[in-house]
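Q: turn this into a structure:
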Amino acid sequence: MSTREESRDAAVSPVIGVMLMLVVTLIIAAVVSSFAGGLGTTKEATPTVTFKADLSRADGLTITCLGASPGKSVNFDVCVGDSNYYKVGTGSTSTFSPGISINIPADELKKGFTDAYGEFDSYEMTGFYVLNPNANGQTFTIQLIDENSGVIGKAYAVLTA
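A: Numbers count the residues shown, from 1 in each chain. Here you go, the predicted structure:
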């Protein structure tokens, strides 16, 4: 009877050994796959910028940084509009830090529009021209856009005289 018991116990050890080898192989395959698929690499985050915007027909656009999440330094375009956006200036997260302002004069706002849409008769009266004399009190969206990351900041400004 003791011979039978030994043979039953002897079969358990090889089965457990094979299962352990299978588990270890699967774990190694998962680790290799994750590194090969890019999960093992880290990517530096693009910052998001919080800012306030003041928009005036006389003074142009002033954006003031309120804060920025840390990340790699990126160059951004300052875009303005309501439903159609156009570039009016540029900046960089390396220099645009809390308390720093970027001023875009009114003539640069005009140039940004004409660069995007051309200069045509009565363009100044169109609804998406920011300095439209009839648009006082209208709210415009100001966006900071990085070429690779997209929108990194967004604020609203009411046009004043």
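
Q: strands along the protein, start to end?
A: Assigned by DSSP state E, the strands in the chain fall at 49-56, 60-68, 75-81, 85-92, 101-104, 139-146, 150-160.

Q: map the structural domains onto the sequence of this protein.
A: The record's domain split for the chain, according to automatic domain parsing, is 1-42, 49-160.

Q: just name the most buried of the ones you listed.
A: domain 49-160 (a mean of 16; mean count of other CB atoms under 10 Å). All C-beta atoms are positioned from the backbone trio N, CA, C, and that covers glycine.

Q: okay, how far is it across it, tip to tip?
A: 24 Å (CA to CA, to the nearest Å).

Q: now it: mean pLDDT?
A: Per-residue pLDDT over domain 49-160 has a mean of 86.

Q: repeat for stretch 15-30
A: pLDDT averaged over stretch 15-30 gives 89.

Q: need the contact partners of that stretch.
A: Applying CB atoms under 8 Å, 6 or more residues apart in numbering, stretch 15-30 turns out to have no external contacts.

Q: put the alpha carbons of it into CSV.
A: C-alpha atoms of stretch 15-30 as CSV (Å, rounded to 0.1, in the frame of the first residue of the first chain):
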residue,chain,number,x,y,z
VAL,A,15,2.5,18.9,-12.7
ILE,A,16,3.1,21.8,-10.3
GLY,A,17,6.6,22.3,-11.8
VAL,A,18,5.1,22.5,-15.4
MET,A,19,2.4,24.9,-14.2
LEU,A,20,5.0,27.2,-12.5
MET,A,21,7.1,27.2,-15.6
LEU,A,22,4.1,28.2,-17.7
VAL,A,23,3.3,31.0,-15.4
VAL,A,24,6.8,32.3,-15.4
THR,A,25,7.0,32.1,-19.2
LEU,A,26,3.7,34.1,-19.5
ILE,A,27,5.0,36.8,-17.1
ILE,A,28,8.2,37.2,-19.0
ALA,A,29,6.3,37.4,-22.3
ALA,A,30,4.0,40.1,-20.9
